[in-house]
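> A predicted structure for the sequence below; I have some questions about it.
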Amino acid sequence: MKQTKTTELLVGMFVAAGIAALFVLAMKVSNLSTFTQTDTYTVTAHFENIGGLKVRSPVTVGGVRVGRVSAIDYDTQRYEAVVSLELDQKYDNFPEDTSASIYTAGLLGEQYIGLEPGGSPDVLSDGAEIELTQSALIMEKLVSKFLFSKAAEGGQNADAQ
Amino acid sequence: MLEWIRQLGRGGFEFFEKLGRGNLFLLKTLVGMPAVLARPHLLIVQLLSVGVLSFLIIAVSGLFVGMVLALQGYNTLVDFGAEESLGVVVSLSIVRELGPVVTALLFAGRAGSALTAEIGLMKATEQLSGMEMMAVDPIHRVIAPRFLAGFLAMPLLAAIFSAVGIYGGFFVGVGLLGVDDGAFWSQMQDKVDLYEDVLNGVIKSLVFGFVCAWIAVFEGYDATPTSEGVSRATTRTVVHSALAVLGLDFVLTALMFGDN
């Protein structure tokens, strides 16, 4: 009988340790703690080009994370990308003329949306659209623009001579 | 030449025969599950030998794997000035891959081989036929509890491995190499997804547990009842489990993470 008790105790401790480890993985390692289901509201924004933006990318204001990208779609009427932003209900007083831009964290980092509050007295509500947007910077476009302008300069210099 | 083709055919038949036997055996074991639930004590005893006694090797391996990952990752990341991402590197590689796979390999070596040897010896010493004589189904009494114990213990062991491994990485990264404590955890929490990463890791370990436990009990039950047969069956358990785990890992990874 003593033997059985010890066995049961050890097995119980083992199972508890396993479940505790799963709990640690869920709470401490994964995004569950930052991702508590708080109340959110959704606004949309049209971008000409979203670059490498992904669903669940962060949305920040002044570097503070206030929400995340909940959906990315393509508007065939306007030929632009539509991004839905899920913002925390805590931050519900952004002016209507807030602008949204796609930035890159670091030189090669992930892309995120930065909001820039404007000065309008009206606030963005659920379902509203952010009118002022700025697309992602595409490295190839920048490089080709630079190269073309250089080439044009070179051509002018040659003409002058 | 003709003899060679004959042998090839015989080998092929034997392979398919064994595969069929294995599947029928699995079916019988699964049908025998209610008998185990009626006698939970049998399961608890097996969980002790399969799970609790594997705990030490799993925890120690997890600790060292995490520590080595942190050291290696740090050396590469520091060149890019990205040593703050160490937590992400360690946790993603452990939770997604190393946790389930290394645990399964260790599990096959530590617990699977023991299961095979035990059942094989029971067969060689005619304990299984003895049970049948007494109208006790050995599948209900011997096989099913061991199978279920292996299946249940594996995800728990993999979770322990992952958690201990991440703390090992934390100890080396933050304690020895001087990565920032807050950045280590916050970047990890930012990048590791509960469903995509943690849950998929658990699913992997469930699949591996199922396969390892199945191979171990089947090889034991199917062993030639001699001392040589038992030793061969034990070897086969370890080899087949390792191959199955690595092959399945590729398939599961392609299914889970292949689309992005």
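Thanks, I have the structure now. Residues are numbered from 1 along each chain as shown, chains lettered A, B, ... in the order given.

> For chain A, which residues are neighbours of chain B?
A:4, A:7-8, A:10-11, A:13-15, A:17-22, A:24-26, A:28-35, A:56 (Cβ under 8 Å from any Cβ of the partner chain). For the C-beta atoms, the positions are set from N, CA and C on the backbone; glycine is no exception.

> Give the ChimeraX command for selecting the buried subset of the residues you listed.
Burial among the residues of chain A next to chain B is assessed by 16 or more other Cβ atoms under 10 Å in any protein chain shown; the matching ChimeraX selection reads:
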select /A:7,8,10,11,14,15,17,18,21,22,24,25,26,28,29,30,31,32
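
> Mind checking which of the residues of chain A next to chain B are in strands?
Secondary structure assignment by DSSP state E places none of the residues of chain A next to chain B in strands.

> tally of neighbours for B:Ala149?
For B:Ala149, the count of nearby residues is 26 (other Cβ atoms under 10 Å in any protein chain shown).

> State the next helix or strand along the chain beyond the helix or strand containing it.
With elements taken from DSSP states H and E, the one containing B:Ala149 is helix B:144-170. Downstream of helix B:144-170, the next assigned helix or strand under DSSP H and E is helix B:181-191.

> now that following helix against helix B:144-170, angle please.
For helix B:181-191 against helix B:144-170, the angle by axes from the mean of the first three to the mean of the last three Cα atoms, to 10 degrees is 130 degrees.

> Does helix B:181-191 reach chain A?
Yes. Between helix B:181-191 and chain A, judged by Cβ under 8 Å from any Cβ, the touching residues are B:185, B:188-191.

> for the record, mean pLDDT for the helix holding B:Ala149?
The average of the pLDDT scores along helix B:144-170 is 91.

> Run the chain-centre distance for the strand ranked longest in chain A.
If each strand of chain A is counted by residues according to DSSP E, the longest one is strand A:64-75. Distance of strand A:64-75 from the chain centroid (Cα atoms, centre = their mean, to the nearest Å) equals 6 Å.

> Skip ahead from it and say which helix or strand is next.
Toward the C-terminus, strand A:64-75 is succeeded by strand A:80-88 as the next helix or strand (DSSP H and E).

> Can you name the residues in contact with that following strand?
Residues from elsewhere that reach strand A:80-88 (Cβ atoms under 8 Å, 6 or more residues apart in numbering or on different chains): A:38-50, A:53, A:59, A:66-75, A:94, A:100, A:113, A:130.

> Just the buried ones from the residues you listed?
Buried members of those, scored by 16+ other Cβ under 10 Å, are A:40-41, A:43-47, A:50, A:53, A:59, A:66-70, A:94, A:100, A:113, A:130.
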